[in-house]
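Visitor: okay, here's the prediction I keep looking at, along with the sequence it came from:
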Amino acid sequence: MPKNARLGGCLDEINLDFVEREATPRLLMKVSIQLYLAGLSLSNTVSFLEVFGVDRVRS
């Protein structure tokens, strides 16, 4: 299966049961996961979250 095939579903298909704390809104977590899977670097994904006022460490 091509890597991009994982991006074809809707945000509701992303399971966040592994999340221990919910400091970041669930919708932003799901969008960030999709951006990362699409090839955006972790650093750029964190920069995306900063636009929405979410402060995360780049590691």
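Guide: All right, it came through fine. What you see is a predicted model, and the numbers here were worked out from it, not measured in a lab. Residues are numbered from 1 along each chain as shown.
Visitor: contacts, neighbours, all on C-alpha from now
Guide: Will do.
Visitor: look up the closest residue to residue 26, ignoring the ones flanking it.
Guide: residue 16 (7.9 Å; C-alpha to C-alpha, 6 or more residues apart in numbering).
Visitor: list the contacts of the residue nearest to residue 32 when sequence neighbours are not counted.
Guide: The spatial neighbour of residue 32 that comes closest, neighbours along the chain excluded (C-alpha to C-alpha, 6+ apart), is residue 45 at 6.1 Å. Applying C-alpha atoms under 8 Å, 6 or more residues apart in numbering to residue 45 gives the contacts 32, 35-36.
Visitor: what's the distance between residue 45 and residue 14?
Guide: Using C-alpha to C-alpha, to the nearest Å, one gets 17 Å for the distance from residue 45 to residue 14.
Visitor: one step back: phi first, then psi, for the residue nearest to residue 32.
Guide: phi -70, psi -40 (degrees, to the nearest 10).
Visitor: pull out the CA atoms of the top helix by length along the chain and give them to me as CSV.
Guide: What stands out as the longest helix in the chain, according to DSSP state H, is helix 26-37. Extracted in CSV, the C-alpha atoms of helix 26-37 (Å, rounded to 0.1, in the frame of the first residue of the first chain):
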residue,chain,number,x,y,z
ARG,A,26,-8.3,16.5,19.3
LEU,A,27,-9.0,18.0,15.8
LEU,A,28,-5.5,19.6,15.7
MET,A,29,-3.9,16.4,16.8
LYS,A,30,-5.6,14.6,13.9
VAL,A,31,-4.7,17.2,11.3
SER,A,32,-1.1,17.2,12.6
ILE,A,33,-0.9,13.5,12.2
GLN,A,34,-2.2,13.7,8.6
LEU,A,35,0.3,16.5,7.8
TYR,A,36,3.2,14.4,9.3
LEU,A,37,2.1,11.3,7.3
